[in-house]
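> please work out how this folds:
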Amino acid sequence: MKIDKDEFNKYVENNVFNTITEYNLIENNDNIMIGVSGGKDSILTLNMLHLYQQKSDIDFTLKAVCIDEGIAGYRNDGIKSAIENTKKLGIPLIVHSFKDTWGYDLDEISDLYKSTCMPCGVYRRYLLNKISDQEGADKIATGHNLDDEIQSFLMTFARNDQNKFSKFGPKLKRIHPKMTPRIKPLWQLPEKDVGLWCVINDIEIHDMECPYSQTSLRADIKMFLNMLEEEKKGIKQNIFNSFKKTFTQKQLEVELCMCEICNQATAQSPCNACRMTDEIRKMIS
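Numbers count the residues shown, from 1 in each chain. Reported below is the predicted structural model:
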């Protein structure tokens, strides 16, 4: 089936712009920090926010940050994609690595935990928030799409991690002056359409899968959902619609303090990143 490029691009634009306006993701004078990995989701987010900046009446600024976890044969291509795409759009980019902050790459600690995604997630979230705070960002825009949200919801459901249910949705509120809230402009866009947009528009992206992703629960749930979608078309959208209409939970009020080691906001001091760093250094010393 032939796809009309202009019609498809308009569909993607409308989907993302409607999410931004419906949920008030961007406001006047916002400084938005975009998390850019170089993959399809973050590059589409980058392009859509740049387009929204040009077309909307809202005055806001854009910057981007790329986190280098230190994964040999994988991350360098993502950084290259992030640099090329931000340069093309004239958006400033900050590249910061695990090595810069903690003195070791993800590869060096990959066998210390059952899933390498665990330390990676802790460190990535820490750096995204720290750099966004240092840069005076009001919000962090991430490339989470509709499929990602369903997967995250089912993972949380399976683990009975009820504290995380309030974190779903396209926008989180600021709960501490040093905690930058997240927005998800692609929240209502299926993953297949993200990939198709990149192909149709001949956008250079980093399309390799992280070599550590297969150790995660997310990979299993993603594969399961894709299998269901093959058998029953539209099931992902049905799950998302049901979740959006029926599952609402207010964001919990959390009392935060400052980490005694790094001086970043945390629910408990030391923060997760500092506790994990101490644990890792003891294991590798």
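> where does the chain have low pLDDT?
Low-confidence segments of the chain, defined by pLDDT under 70, are located at 1, 160-167, 215, 247-253.
> which other helices and strands contact the longest strand belonging to the chain?
Counting residues, the longest strand found in the chain (DSSP state E) is strand 61-68. Counting contacts by 3 or more Cβ pairs under 8 Å, 6 or more residues apart in numbering; DSSP states H and E, strand 61-68 is packed against strand 31-35, helix 40-55, helix 75-89, strand 93-97, helix 98-102, helix 117-134. Using the backbone N, CA and C atoms, a C-beta is placed for each residue, glycine as well.
> quick one: it to strand 31-35, angle?
30 degrees (axes from the mean of the first three to the mean of the last three Cα atoms, to 10 degrees).
> list the buried residues for strand 61-68?
Going by neighbour count (16 or more other Cβ atoms under 10 Å), the buried part of strand 61-68 is 62-68.
> what's the answer for stretch 238-246, then?
Quick answer for stretch 238-246 (16+ other Cβ under 10 Å): 239-240, 243-244.
> mark which of the residues you listed are part of helices, please.
Counting by DSSP state H, those place 239-240, 243-244 in helices.
> now for those residues: which two are most distant?
For these, the maximum inter-member distance is 9.6 Å, found between Ile239 and Lys244 (Cβ to Cβ).
> contacting residues around Asn129?
140, 178-180, 264-265 (Cβ atoms under 8 Å, 6 or more residues apart in numbering).
> circling back to that earlier point, just name the closest of the ones in helices among the buried residues of stretch 238-246 to Tyr23, please.
Nearest to Tyr23 among these: Lys244, at 11.0 Å, using Cβ to Cβ.
> that closest one and Tyr11, how far apart?
19 Å (Cβ to Cβ, to the nearest Å).
> which other residues reach the helix or strand containing Asp278?
Per DSSP states H and E, Asp278 falls inside helix 272-284. The contact list for helix 272-284 (Cβ under 8 Å, 6+ apart) reads 102, 104, 108-109, 112, 119, 122-123, 126, 259, 261-262, 264, 266, 270.
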